[in-house]
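>>> Predicted model, plus sequence, below.
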Amino acid sequence: MSREAQDQEQARRGRIVALVIAGTILIWMALNVIGKAAGLPGRFALLFDLAALAALIWAMVNIYQIWRARQADKG
């Protein structure tokens with residue numbers, strides 16, 4: 001794989017991670033507002049929190065992988 005193709009792949013992965021982070025936070029906030037307005041029990045809020053946490057952990061793992069790939073390309 002050429003250097004340019006690797007850079008494009010890393011950039012694509014970075015954009016996906018950014019969209020996941022932004023989307024997770026927006027959806028998490030909306031679900032909390034909707035849940036409170038609808039009078040849902042607290043266990044649903046916990047479910048929303050755990051789902052958001054899982055998405056953010058996935059994003060952090062991918063950020064680390066992108067960072068490691070860039071470090072390997074440098075050295």
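Sure, I can see it.
>>> contacts, neighbours, all on C-alpha from now
OK.
>>> other SSEs contacting the longest helix along the chain?
Longest helix in the chain, counting residues (DSSP state H): helix 3-38. Contacts defined by 3 or more CA pairs under 8 Å, 6 or more residues apart in numbering; DSSP states H and E place helix 3-38 against helix 42-74.
>>> ok, back up a step: centre of the chain versus the longest helix of the chain, how much separation?
5 Å (CA atoms, centre = their mean, to the nearest Å).
>>> Please apply the same query to stretch 2-22.
That offset, for stretch 2-22, works out to 13 Å (CA atoms, centre = their mean).
>>> just to revisit the earlier point, buried residues of the longest helix of the chain, list them for me.
Gln10, Arg13, Gly14, Val17, Val20, Ile21, Thr24, Ile25, Trp28, Leu31, Asn32, Gly35 (16 or more other CA atoms under 10 Å).
>>> For Trp67, give its distance to Val33.
35 Å (CA to CA, to the nearest Å).
>>> what residue ranges in the protein are flagged as low confidence?
75 (pLDDT under 70).
>>> so the longest helix of the chain versus helix 42-74, what angle?
170 degrees (axes from the mean of the first three to the mean of the last three CA atoms, to 10 degrees).
>>> what's next to stretch 45-52, contact-wise?
Under the contact criterion CA atoms under 8 Å, 6 or more residues apart in numbering, stretch 45-52 has outside partners Thr24, Ile25, Trp28, Leu31, Asn32, Gly35.
>>> Specify which member of the residues you listed is nearest to Ala54.
Proximity to Ala54 was ranked across those by CA to CA; first place goes to Thr24, at 9.7 Å.
>>> Near Ala59, how many other residues are there?
Around Ala59 there are 19 other residues, counting by other CA atoms under 10 Å.
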